[in-house]
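Trainee: Here's my sequence, what's the structure:
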Amino acid sequence: MKTITTFIIVIAMSWIGHSQQLSQKIEMKLDEIGNATLNISSTMNASQWQQWNGTYGSNPSALKRDMERSMPAFIVDDFKLEKDDMNRSFNLSLKAFGVCKIDKRGRWIMDTDKKEVQLTELSDRKYMIVASPPEFGGNLQQTTIIEFPETANNIKVDKDSFGKTIFEFKMDNPSSSFNLLRWSGLALMIVGGGWLGKNALAK
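Mentor: Alright, predicted model coming up:
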């Protein structure tokens with residue numbers, strides 16, 4: 001979501017080159033002032049887990065530091081990483097401030113930074129986006145669940161001037177600006193680790 005891939009430095013995935021696809025789930029719950037609580041989870045195979053765990057899983061402070069360096073203009077709080085070594089899975093929860101923005105006409109906007117998305121309306125205030133970022137050759141599938149607050153109304157899916165999918169909605173309270181789907185790129189970074197640097201040295 002814009003942006004998760006455009007404004008955040010994405011660390012290459014440690015599992016690139018493996019035949020098994022990695023699935024990632026991102027749950028985002030917006031509040032009445034445009035902030036969001038996020039939960040990002042994934043399960044890996046043995047080799048993926050070994051690489052990820054060696055880079056971030058055993059050193060959560062490194063993950064938090066890389067996130068903050070990648071988004072110096074934004075505030076991330078309540079960072080909590082939980083691991084399940086037995087099942088080779090993790091869950092990252094955090095608070096993101098200013099996920100939505102208000103345009104000049106007073107409409108709340110949440111960008112996706114994508115021209116074509118597989119979007120499903122689960123309820124009046126809940127949507128699901130399924131995407132496979134092309135930069136990972138179809139090896140990653142992200143499922144993002146976006147839940148709008150009860151104060152949000154007249155939620156519409158539209159296109160911006162560049163033809164990219166956006167959410168428009170009405171809500172009374174103001175917010176700082178940020179871009180939601182910026183967090184899908186953040187999620188990409190979370191499962192990354194080390195691979196890019198090692199590959200660069202090898203070359």
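
Trainee: need the strands for the protein, in chain order.
Mentor: Taking DSSP state E, the strands of the chain run over residues 22-30, 36-43, 76-84, 89-96, 101-102, 108-111, 118-123, 126-131, 140-147, 153-159, 165-170.

Trainee: would you turn those strands into CSV with mean neighbour count and distance to Arg65?
Mentor: Backbone N, C-alpha and C define where each C-beta goes, glycine included. Below are the strands of the chain laid out as CSV (neighbours: other Cβ atoms under 10 Å; distance: least, Cβ to Cβ, whole Å):
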stretch, mean neighbour count, distance to Arg65
strand 22-30, 20, 21
strand 36-43, 19, 17
strand 76-84, 13, 10
strand 89-96, 19, 14
strand 101-102, 16, 26
strand 108-111, 23, 26
strand 118-123, 12, 33
strand 126-131, 17, 27
strand 140-147, 20, 23
strand 153-159, 12, 36
strand 165-170, 19, 31
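
Trainee: Select, out of the ones you listed, the one closest to Lys64.
Mentor: Of all the strands of the chain, strand 76-84 sits nearest to Lys64, with 5.2 Å by Cβ to Cβ.

Trainee: Please work out the average pLDDT along that closest one.
Mentor: Mean pLDDT, computed over strand 76-84, is 89.

Trainee: could you check the angle strand 36-43 makes with it?
Mentor: Inter-element angle recorded for strand 76-84 and strand 36-43: 20 degrees (by axes from the mean of the first three to the mean of the last three Cα atoms, to 10 degrees).

Trainee: on that earlier part again, what would the strands of the chain look like in a markdown table with distance to Gly57?
Mentor: Formatted as a markdown table, these follow (distance: least, Cβ to Cβ, whole Å):
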| stretch | distance to Gly57 |
| --- | --- |
| strand 22-30 | 15 |
| strand 36-43 | 11 |
| strand 76-84 | 5 |
| strand 89-96 | 7 |
| strand 101-102 | 33 |
| strand 108-111 | 30 |
| strand 118-123 | 30 |
| strand 126-131 | 24 |
| strand 140-147 | 18 |
| strand 153-159 | 36 |
| strand 165-170 | 33 |
